[in-house]
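> let me see the structure of the following:
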Amino acid sequence: MDSKLFIHGIVNGEDFWCDTPAEGEIEQSYMSSFYRDDITRVYGPRLMVYGRNNGAGDYWYYTYVVGGNVHGISRPGSYFAMTLRLEACCISIGKMFRVLDMVFNLLVVGRILHKTGDTYQYAISSFKGAEHNLITCYNTIRKTIGECFTAEDFDMSIKKTGNSSVGEIEENLYDCNEAALVQKLRAGYRIIVSPTAISAAQRSIQTECQKRIEDMRRDCDVKLKDVAQKESSLLAVKADKERLEQANRQLQSQLKAVANMKKIEGLVGSIRQPVKELADSLATLDNGATHDKRNKVVPPVDTDSRKSRNDSDNRLWLQIATLALLIFIAFWLIFSGTGQKKSQEISEADTIQTVIPEEETPISYDEVDERSIPEIDPKTLRCNIEGYGGEGPLSPAKTYTLQLRQNGMHPTTALPVEWVVTGADTHVSPDNPNDCKIVPVAGMGEVTIAVKVDGKEYSLREPIEIQ
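Model (predicted):
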């Protein structure tokens with residue numbers, strides 16, 4: 001089976017190697033696209049499997065990439081990649097990873113790359129200068145595939161139509177389902193396997209935690225709605241209480257008015273007898289005067305009768321004065337009670353008008369529910385930079401992770417914000433848009449970090465120098 005090996009990466013700038021120059025010219029342009037691919041910036045080895053038409057035919061590509069911890073001659077942020085091109089699709093993806101990983105650790109490390117701790121440093125100035133070692137790598141790969149792989153490891157029926165992928169799937173090397181991955185290859189996906197990718201067990205825990213968070217959020221929403229309903233009911237009870245108290249005050253005022261009326265009735269009853277006596281006296285006087293006038297009789301002057309008549313006149317005036325006093329008292333009580341009642345009603349009205357505005361308008365269910373939806377206040381947003389101590393400059397070509405914080409905590413859901421970063425290459429994963437990976441670019445001077453909220457840009461940190 002025909003195969004070709006292509007070596008590409010950033011040694012002292014972008015570099016490329018193939019043992020056949022003609023084939024290299026066909027593939028070099030496409031291999032250069034890895035310079036901007038996110039896979040070259042992620043820590044740890046990865047194997048990318050995909051199919052494409054290079055203009056000369058349909059092929060399957062197996063690219064083994066080490067990035068994130070590789071330094072070039074002049075700067076960090078480099079990567080090293082081996083791309084094996086095959087005519088048939090190798091469905092034993094895990095086995096292919098182990099072959100390429102073995103060649104990398106035995107023939108690349110120590111000759112082309114020096115390893116110090118977890119960091120790789122290029123030991124050559126160009127791939128052309130290490131051609132002998134690279135040919136050895138190619139021959140070893142072909143020999144190992146010929147000895148360890150059988151026809152069952154390949155499937156000629158899988159065809160790649162077009163060069164655009166449907167999507168990308170990353171699986172852990174140790175628990176991936178190769179049969180399922182092959183079906184994804186048939187559907188047009190690009191497959192990535194890595195020993196550092198999230199495992200099925202970790203993904204299950206992550207899913208369970210997310211489910212619990214959603215359950216807790218729903219439970220909180222239900223409790224908030226219940227509290228809102230109880231607050232509304234409490235306000236209604238307070239309003240009913242105020243109405244009952246006002247009605248009670250009105251009844252008390254009416255009872256006082258009734259009591260005053262009873263007092264007036266008593267006074268009127270006590271006036272009836274003096275009024276009757278006064279009326280009788282006036283009638284007697286009137287009858288006597290009429291009789292004397294009709295008969296024209298002038299009574300003789302008698303001292304005793306004059307004294308008796310004066311006493312009678314005095315009693316009459318005393319009765320009139322007493323009656324007038326009782327009438328005055330009755331009217332005073334009537335008008336005094338009425339004025340008191342009106343004054344009390346005005347005072348109560350003023351009290352009601354003073355108290356009612358102090359009560360808050362009852363909160364409806366919809367209003368509380370709308371206020372429970374969190375709004376983003378840009379002032380609560382901060383940015384933590386993973387891999388940065390907080391002081392000094394950022395290293396060019398080193399990968400840093402920007403972590404969005406809201407009120408000092410990592411948001412549990414994706415916030416509707418857009419990262420705005422200058423001076424660095426950026427990548428925002430669709431699975432976690434709250435984080436952003438950046439690689440500072442040498443020569444840009446400084447990195448600025450901001451986010452857009454509702455179309456407005458807000459700075460999260462002071463500019464950081466690149467050095």
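> residue 171 bridge partners, please.
residue 193 (DSSP bridges).
> so it sits right up against residue 195, yeah?
No - look at residue 171 against residue 195 with CB atoms under 8 Å: they stay out of range, at 10.7 Å. Bear in mind the C-beta positions are built from the backbone N, C-alpha and C, glycine included.
> which residues are in contact with residue 415?
376, 404, 406, 433-434 (CB atoms under 8 Å, 6 or more residues apart in numbering).
> repeat for residue 197
So residue 197 contacts 46, 170-173 (CB under 8 Å, 6+ apart).
> cool, residue 457 as well?
Neighbouring residues of residue 457 by CB under 8 Å, 6+ apart: 420, 450-451.
> in its sheet, what does the one helix or strand it maps to sit against?
Assigned by DSSP states H and E, residue 457 belongs to strand 456-459. When pairs are called by DSSP bridges, strand 456-459 turns out to pair with strand 446-453 (antiparallel).
> now the partner strand: how far from the chain's centre is it?
21 Å (CA atoms, centre = their mean, to the nearest Å).
> over to stretch 183-195?
35 Å.
> CA atoms only for that stretch, dumped as PDB, please.
Extracted as PDB, the C-alpha positions of stretch 183-195 are listed here (Å, rounded to 0.1, in the frame of the first residue of the first chain):
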ATOM      1  CA  GLN A 183     -18.700   5.400  11.700                       C
ATOM      2  CA  LYS A 184     -18.000   9.100  12.400                       C
ATOM      3  CA  LEU A 185     -15.200   9.000   9.800                       C
ATOM      4  CA  ARG A 186     -17.700   7.600   7.300                       C
ATOM      5  CA  ALA A 187     -20.000  10.500   8.100                       C
ATOM      6  CA  GLY A 188     -17.300  13.000   7.400                       C
ATOM      7  CA  TYR A 189     -16.000  13.900  10.900                       C
ATOM      8  CA  ARG A 190     -12.400  14.700  11.800                       C
ATOM      9  CA  ILE A 191     -11.300  12.400  14.700                       C
ATOM     10  CA  ILE A 192      -8.800  13.200  17.400                       C
ATOM     11  CA  VAL A 193      -7.500  10.700  20.000                       C
ATOM     12  CA  SER A 194      -5.200  11.600  22.900                       C
ATOM     13  CA  PRO A 195      -4.200  10.000  26.200                       C
END
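> of residue 171 and residue 195, who's got more company?
residue 171 (23 against 14; other CB atoms under 10 Å).
> which residues touch that one?
177, 181, 191-193, 197.
> gap between it and residue 95?
15 Å (CB to CB, to the nearest Å).
> ok, residue 135 - contacts?
Taking CB under 8 Å, 6+ apart, one finds residue 19 in contact with residue 135.
> the helix or strand encompassing it - what's its average pLDDT?
Secondary structure from DSSP H and E places residue 135 in helix 131-148. Mean pLDDT, computed over helix 131-148, is 94.
> show me which positions of that helix end up buried.
Judged by neighbour count (16 or more other CB atoms under 10 Å), helix 131-148 contains these buried residues: 133-134, 137-138, 140-141, 144-145.
> also stretch 112-124?
Buried residues in stretch 112-124 (16+ other CB under 10 Å): 112-113, 120, 122, 124.
> out of those, flag the one nearest to residue 461.
residue 120 (30.3 Å; CB to CB).
> and the closest one, bridged to which residues?
residue 70, residue 115.
> and the pLDDT for it?
pLDDT, read off for residue 120, is 94.
> just checking, what packs against the strand or helix carrying residue 210?
Residue 210 belongs to helix 200-295 when assigned by DSSP H and E. Packing partners of helix 200-295 (3 or more CB pairs under 8 Å, 6 or more residues apart in numbering; DSSP states H and E): helix 303-355, helix 365-371.
> switch to 10 Å and redo it
strand 168-172, helix 303-355, helix 365-371 (3 or more CB pairs under 10 Å, 6 or more residues apart in numbering; DSSP states H and E).
> contacts only, for residue 21.
By CB atoms under 10 Å, 6 or more residues apart in numbering, the contact set of residue 21 is residue 28.
> distance of it from residue 9?
Residue 21 is 19 Å from residue 9, by CB to CB.
> residue 421 too?
Applying CB to CB to residue 421 and residue 9 gives a distance of 25 Å.
> these two: which has the busier surroundings?
residue 9 (26 against 19).
> helix, strand, or coil at the closest residue in space to that one that isn't next to it in sequence?
Nearest residue to residue 9, sequence neighbours excluded (CB to CB, 6 or more residues apart in numbering): residue 80, at 4.3 Å. Here residue 80 is recorded as strand under DSSP: H, G, I helix; E, B strand; the rest coil.
> need the pLDDT of residue 80.
Value listed for residue 80 in the pLDDT field: 94.
> residue 126 - how many residues pack around it?
15.
> please report how far it lies from residue 7.
Taking CB to CB, one finds residue 126 at 11 Å from residue 7.
> touching both of these two, which residues are there?
15-17.
> okay if I get the residues you listed as a markdown table plus secondary structure?
Below are the shared contacts of residue 126 and residue 7 laid out as a markdown table (three-state DSSP):
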| residue | secondary structure |
| --- | --- |
| 15 | strand |
| 16 | strand |
| 17 | strand |
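> doesn't residue 166 make contact with residue 187?
Yes - when contacts are counted by CB atoms under 10 Å, residue 187 is listed as touching residue 166 (6.0 Å).
> which residues does the closest residue to residue 56 other than its chain neighbours contact?
Distances taken as CB to CB, 6+ apart place residue 26 nearest to residue 56, at 6.1 Å, with adjacent residues excluded. Residues in contact with residue 26 (CB under 10 Å, 6+ apart) are 4, 6, 18, 20, 54-57, 85.
> same deal with residue 89?
Residue 89 sits in contact with 49, 51, 58-60, 62, 153-160, 182, 185-186, where contact means CB under 10 Å, 6+ apart.
> got a pLDDT number for the residue nearest to it when sequence neighbours are not counted?
Leaving out its chain neighbours, the residue that sits closest to residue 89 by CB to CB, 6+ apart is residue 158, at 4.2 Å. Looking at residue 158, its pLDDT stands at 83.
> residue contacts, residue 158?
Residue 158 neighbours (CB under 10 Å, 6+ apart): 51, 58, 60, 88-91, 182-183, 185-186.
> the nearest residue to residue 142 once chain neighbours are set aside and residue 62, how far apart?
In space, and not counting its chain neighbours, residue 142 is closest to residue 3: 6.2 Å by CB to CB, 6+ apart. Noted for residue 3: a distance of 10 Å to residue 62, by CB to CB.
> how about low-confidence regions in the stretch 51-200 of the chain?
Residue ranges of the stretch 51-200 of the chain with pLDDT under 70: 160-165.
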